[in-house]
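Novice: Got a predicted structure here, sequence first:
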Amino acid sequence: MTIINEKAYKILENSIVKNAVSHFYIFHGPKNVGKKKLAYTFSKLLLCDDESNPNTSCDSCPSCKKIDEQKHFDILHVDSKLVVEGLDENKSDQIRLPHVEEISRQANLGPFMSKYKIFIVDEAEKLNNEASNAFLKLLEEPPSSTIFLFLVNDLTSVYPTIISRAQKINVLEIGKEEMKDYILENYDLDDLKIDQIINFSLGKIEVAETLSSDPSLLDNYFESYERFFEFCKSNISIRMELSQKFSTRFRTDRNAIYQELNLWIDFCNILINNSYQNDQNSLFSNNLLDLFEVKQINLFILEIIKSISNLRSNANSRLVFDVLSLNLPFTKEESTI
């Protein structure tokens, strides 16, 4: 079995071997890099029923199977969408006080059938101030046999006092060869699909798994890139027309637009990486590097990030997309029009 994020895995494995398991870990790294996968792999090491090989997971006992199905009684996955008493569903993307109160209630009940009760808190940087303070209080006297695993995309957004209480595990992107070995071992795909998945995933194992499980999703990526290419190469009048369409779509399906903009950032990173590696086999039939310099592609990234931030701050969506249309670099031909 290929071990993903092997360095991080070894740190966690050694903590079990040395009987030095912490009550609180923060797994931090880019979104989709494999923090959730690592959390469940660690949970299997902790909760495996097979005692013949201590400090490993068998992947076949009832406990391991329940973890793979994400149905284990002693693991609670917490995110901003978790429905808890006293909190209306989907009113906020924050993790709020009732979420932490539910964690505290279940922690005090202790494990039902295992050695530990494990709480996996996804995108833990979304804890608001009230929830953060409540969690700090919980950490003052953590219930025995309880382990908290925070999955964090942006470590700077977490309370420093919370960070100081945790053992921090940096989860990094994996290399192309390691990614290829993993896909070959676990999926039956042709070489072209594997190369496309490796490029689109940018070292993020969770993206690679999603695309490998359903390669038809690659079509969505190529369609999104063509929209991005069209937007970038167009003159200001066409960009403004597209801006209106994006704004209208944003009002009815925000998540789709956020996903689109994040894909555009990924496309820029793919183009830049391939440029630095002198990769002549372009993933895209229409290559933006034929129209723009690398430094301009970097500006695309900065402007798109600013747009996402402004949208999340509830700025007027039409204004945000209009500003993006104006601020993105133009091709030499369009800049003279």
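Specialist: On my side now, so go ahead. Because the structure is a prediction, the values reported are computed rather than measured. Numbers count the residues shown, from 1 in each chain.

Novice: Would you agree Val171 is in contact with Gly29?
Specialist: Yes: at 3.7 Å, Val171 counts as touching Gly29 under the criterion of CB atoms under 8 Å. The C-beta positions use only the backbone N, C-alpha and C, and glycine is treated the same way.

Novice: Pull up the overlap in contacts between the two.
Specialist: Contact criterion CB atoms under 8 Å, 6 or more residues apart in numbering; residues shared by Val171 and Gly29: Lys35.

Novice: Any idea how many residues pack against the spatially closest residue to Leu139 that is not a sequence neighbour?
Specialist: Excluding its sequence neighbours, the residue lying closest to Leu139 (CB to CB, 6 or more residues apart in numbering) is Arg165, at 5.2 Å. A total of 17 residues lie near Arg165 under the criterion other CB atoms under 10 Å.

Novice: Arg312 now?
Specialist: For Arg312, the neighbour count with other CB under 10 Å is 11.

Novice: What's the separation between it and Phe229?
Specialist: According to CB to CB, to the nearest Å, Arg312 stands 25 Å off from Phe229.

Novice: just the helices in the stretch 151-300 of the chain please.
Specialist: 160-165, 176-186, 191-201, 205-213, 217-233, 236-252, 254-276, 294-312 (DSSP state H, counting those that start in this stretch).

Novice: Tabulate those helices in CSV, adding columns for distance to Ser63.
Specialist: Output for the helices of the stretch 151-300 of the chain, formatted as CSV (distance: least, CB to CB, whole Å):
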stretch, distance to Ser63
helix 160-165, 28
helix 176-186, 22
helix 191-201, 30
helix 205-213, 22
helix 217-233, 31
helix 236-252, 43
helix 254-276, 34
helix 294-312, 39
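
Novice: taking those together, which one is wrapped up most tightly?
Specialist: Most buried of these, by mean neighbour count (mean count of other CB atoms under 10 Å): helix 205-213, with a mean of 20.

Novice: For that one, list the C-alpha coordinates in PDB.
Specialist: This file holds the C-alpha atoms of helix 205-213, laid out as PDB (Å, rounded to 0.1, in the frame of the first residue of the first chain):
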ATOM      1  CA  ILE A 205      -4.300  13.800  -3.300                       C
ATOM      2  CA  GLU A 206      -7.900  14.500  -2.600                       C
ATOM      3  CA  VAL A 207      -8.300  16.100  -6.000                       C
ATOM      4  CA  ALA A 208      -6.500  13.200  -7.600                       C
ATOM      5  CA  GLU A 209      -8.800  10.700  -5.900                       C
ATOM      6  CA  THR A 210     -11.900  12.500  -7.000                       C
ATOM      7  CA  LEU A 211     -10.800  12.700 -10.600                       C
ATOM      8  CA  SER A 212      -9.500   9.100 -10.600                       C
ATOM      9  CA  SER A 213     -12.800   7.800  -9.300                       C
END
